[in-house]
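> no sequence on this one, just coordinates:
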C-alpha cells in the first residue's frame, strides 16, 4: 500500500509539508481555554485585538453587503466609515477576519459578540502553511527534494517565525506575500536572456498584494528595480513599467480607502511611519527611544535569535550560492549551474537568482540600521528576512546530508542530521508557547540573553492561559488587578474580555500607575524591559510573588501581591530614564 501512496506523496510533497506546518501551529492556538479543538497557545499580545477588530470589520462588512460589494459606492462607505482605521492596508488582516467569520459561523462565537481571538489566529496558521508550501515548492525546483524538505523544517523550527504564526497579527501574512513576490520574480524573470513587457505582469500583481499587506513591502521595489536593470539594462525598462503600473493598480484598487483622496491619503499612509507614538527598545542593558537604537541592532538580533544550526547552514548556503556562478551578467542558467557544481555545490540557485534573494534579505536589515529609522520589538519589523534565509538553509543542509552520505554509513548520517534538528527543537519545546522569547545557544539561550541585557518578552505573550488560570486562583472575588506595562489604553479591557480573564467577570482589570493614588493589591507584571516601572522592578519590600511564568530559569511574567503600604512609597517619576 505504501508503495502506491509514495508516488502521490512525493509528487505533492510541498502540499503535505505546508499542511504539516499548518497543523503544527493549529494544534496550540487557544488564548482563553475556550476551544476544545486546540490546545493553549501564547497569551494575548498587545496588538492582537486591534488587528482582529479591523480585519473582522472589513470582512463582515463585505460579507453582509452581498452583491452590493461590487458597487464602488458600497466599498467607499465601508472604508470611509469611522469604524475603519487605515493604519494598515486591508490584505494583512483579511485572513484574520475570514477565519473568524468561518469558524464563528460553524462553531459559534460563544460569549463573544464580535470576534474570538483564537478563531482569528487560525488565519495566521493558514498563512504559515502556505508560506512553507511556497518555499518548499520553489526550493524543490531549484535544488531538489531534500533541500525542499530541509527548508520546510527550517521554517517550522525557527522559533520566532513559528511563534508569530500563532498570533492574530499581520507579520505572517507579510512573510507570505514578501516571499511570494520574490519567488514570482524569480520564476517569471530569472534565466531569460531577454524580457518582454508582459513578463512584468505577474510580478507586478504579487508586488501589489505585498503592498496591500504591510509597510515592509516597500523594501521590494528598489531591490527588484536594481536587479532587473543590472541584468537586462535598458531591455528591462518596458517590463519594469508594466510591473510598476500593475502593482500600483492592484494596490490602489485593493484599498478603497485611497479612492476618495488618492494623493493625500497615499502620502498620509507612508507619513505615519514618522508621525507616530514613540516606542522604546531595550538593547544591551540600555533603554532607547526607537529612533536612537544603535545601527547594529537588526544584525545582532538576527544572529542571536536564529538557531545556531540554521545560522551556520544558512550563511554557508548564502556563500555557496553567491560563489556558484560567473560574473558575466549574460551567463545562462546551465553555465551557472555547471560552475556551482565545479565548486562542490551541485544543484541550487543560479547566481542571478541568488542576487535578488541577497537584496531582499539584506535590504530590510540595512534599512533598519540607518540612523533615525525607528526599530523596536526585537525581530518583528524585519521578520521577512527569515523565510528568504530558510531557502539558503535548506540548500546547504541538502549539501551537508549528501556529503555525509558519501563519507559515513547511513545510520551515522541519520544520527548526525537528527542531532542537528534536535537543537532548535529542544529549545522550542522548553519555551512553548512563548517562542518569541527565544535566543540561540550562541548567546547561552534566554539566560545568556538576559545577562547581555536583551529584551525578555516584548509583546506580552508570556501571560499564557495556564498562567492566568493559576493566577486567578489567588484573586478573591471582586478584586482589582493592575497590568504593567500597558502600551495602549485599551489593553486592560482586551485582557478582561479576550484572555483567560474572561472567565472571571468579577475582576476589575486596570492599568498599573504608581502615581494614581490608591494602588491595587495585585499586579500582573510582564517582563518587558523596554517599559519597566521602577516601583515594580524590583518590587517593594514585602511583595509576594503568587504565580510566575518562567522559561529556562528566567521569569517572563508574574502575579505580584503588593504590601498595603506600597501605594505611597514612590512619589517621583517611576519610568526608567531613556537614552536619547
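Looks like it came in fine. Keep in mind that this is a model prediction, so the values were computed, not measured.

> For residue 192, give me its contacts.
residue 199 (CB atoms under 8 Å, 6 or more residues apart in numbering). All C-beta atoms are positioned from the backbone trio N, CA, C, and that covers glycine.

> Can you tell me the element residue 51 falls in?
Assessed by DSSP states H and E, residue 51 sits inside helix 48-65.

> Following element in sequence after that helix, please.
The first helix or strand that comes after helix 48-65 along the chain, using DSSP H and E, is helix 72-79.

> Averaged pLDDT, that next one. What do you get?
Averaged across helix 72-79, pLDDT comes to 95.

> what's the strand or helix carrying residue 320 in contact with?
Element membership for residue 320, per DSSP H and E: helix 308-323. Residues outside helix 308-323 that contact it (CB under 8 Å, 6+ apart) are 154, 157-158, 303, 306, 340, 343, 345, 348-349, 351, 353-354, 357-358, 361, 389-397, 399-400, 420-421, 423-424, 440-442.

> Domain map for the protein?
Annotated domains of the chain cover 290-452, 465-568 [automatic domain parsing].

> Quick check: which of those domains is nearest to residue 150?
With CB to CB, the closest approach to residue 150 among the domains of the chain belongs to domain 290-452: 3.7 Å.

> measure the closest one end to end?
This stretch, domain 290-452, spans 19 Å end to end (CA to CA, to the nearest Å).

> circling back to that earlier point, and the domains of the chain, which one is worst for confidence?
Mean pLDDT values for these show the minimum at domain 290-452, a mean of 83.

> ok, the most centrally placed residue in the chain - contacts?
Residue closest to the average C-alpha location in the chain (CA atoms, centre = their mean): residue 171, at 3.8 Å. If a contact means CB under 8 Å, 6+ apart, then residue 171 has 164, 214, 380, 383 as its contacts.

> hmm, back to that, cross-reference the contacts of helix 308-323 with the helices and report the matches.
Among the contacts of helix 308-323, DSSP state H puts 154, 303, 340, 351, 353-354, 357-358, 361, 389-397, 399-400, 420-421, 423-424 in helices.

> Now restrict these to buried residues only.
Buried members of the ones in helices among the contacts of helix 308-323, scored by 16 or more other CB atoms under 10 Å, are 154, 340, 351, 353-354, 357-358, 361, 389-397, 399-400, 420-421, 424.

> Show me what the longest helix belonging to the chain is packed up against.
When the chain is parsed with DSSP H, its longest helix is helix 117-143. Applying 3 or more CB pairs under 8 Å, 6 or more residues apart in numbering; DSSP states H and E, we find helix 117-143 packed against helix 13-26, strand 28-30, helix 48-65, helix 94-107, helix 145-156, helix 171-189, helix 385-407.

> Indicate which one of the domains of the chain is closest to residue 63.
Nearest of the domains of the chain to residue 63, taken as CB to CB: domain 465-568 at 21.8 Å.

> Now find how far off-centre the closest one is within its chain.
In terms of CA atoms, centre = their mean, to the nearest Å, the centre of domain 465-568 is set 27 Å apart from its chain centre.

> and if you look at stretch 252-262?
26 Å.

> How about stretch 64-78?
Centroid displacement of stretch 64-78 relative to its chain, using CA atoms, centre = their mean, is 31 Å.

> Now it: buried residues?
Across stretch 64-78, burial judged by 16+ other CB under 10 Å covers 74-75, 78.

> who does the helix holding residue 51 touch, helix- and strand-wise?
helix 72-79, helix 94-107, helix 117-143, helix 491-498.

> who's in contact with it?
31, 69, 74, 78-79, 81, 83-85, 87-88, 90, 93-98, 100-101, 114-115, 117, 120, 123, 167-170, 488, 490, 494, 498.

> Okay, buried residues for it please.
Judged by neighbour count using 16+ other CB under 10 Å, the buried positions of helix 48-65 are 48-62.

> Also compute the angle for it relative to helix 94-107, please.
When axes from the mean of the first three to the mean of the last three CA atoms, to 10 degrees is applied, the directions of helix 48-65 and helix 94-107 differ by 70 degrees.

> Low-confidence ranges, the stretch 151-300 of the chain, go.
Regions of the stretch 151-300 of the chain meeting the criterion pLDDT under 70 cover residues 273-275.

> run the last query once more with 80
Along the stretch 151-300 of the chain, segments meeting pLDDT under 80 span 271-277.

> ok, which stretches of it are strands?
280-283, 286-289 (DSSP state E, counting those that start in this stretch).

> Out of those strands, flag the one nearest residue 37.
Residue 37 sits nearest to strand 280-283 of all the strands of the stretch 151-300 of the chain, at 37.1 Å, using CB to CB.

> That closest one packs against which elements?
strand 286-289.

> Go through the strand it packs on and flag the buried ones.
For strand 286-289, burial by neighbour count (16+ other CB under 10 Å) applies to 287-288.

> Need the distance between the two termini of stretch 296-315.
In stretch 296-315, first residue to last residue: 18 Å (CA to CA).

> Let the chain start at 4 from now.
Noted, 4 is the first residue going forward, which turns the last one into stretch 299-318.

> Can you give the distance of it from its chain's centre?
In terms of CA atoms, centre = their mean, the gap separating the centre of stretch 299-318 from the centre of its chain is 16 Å.

> Tell me how far the nearest residue to residue 362 once chain neighbours are set aside lies from residue 81.
Excluding its sequence neighbours, the residue lying closest to residue 362 (CB to CB, 6 or more residues apart in numbering) is residue 226, at 3.7 Å. Distance, residue 226 to residue 81, using CB to CB, to the nearest Å: 34 Å.

> Same question for residue 550.
Counting by CB to CB, the gap from residue 550 to residue 81 is 43 Å.

> Tell me how many other residues crowd residue 281.
Other residues within reach of residue 281, judged by other CB atoms under 10 Å, total 10.

> pretty sure it is in contact with residue 290, am I right?
No - using CB atoms under 8 Å, residue 281 is not in contact with residue 290, being 11.9 Å away.

> Just confirm residue 551 is within a helix.
No - counting by DSSP: H, G, I helix; E, B strand; the rest coil, one finds residue 551 to be strand, located in no helix.

> Is the closest residue to it other than its chain neighbours in a helix, a strand, or coil?
The shortest distance from residue 551 to any non-neighbouring residue, by CB to CB, 6+ apart, is to residue 561 (4.4 Å). Following three-state DSSP, the label given to residue 561 is strand.

> Pull up the gap between residue 561 and residue 529, please.
Taking CB to CB as the measure, residue 561 falls 9 Å from residue 529.
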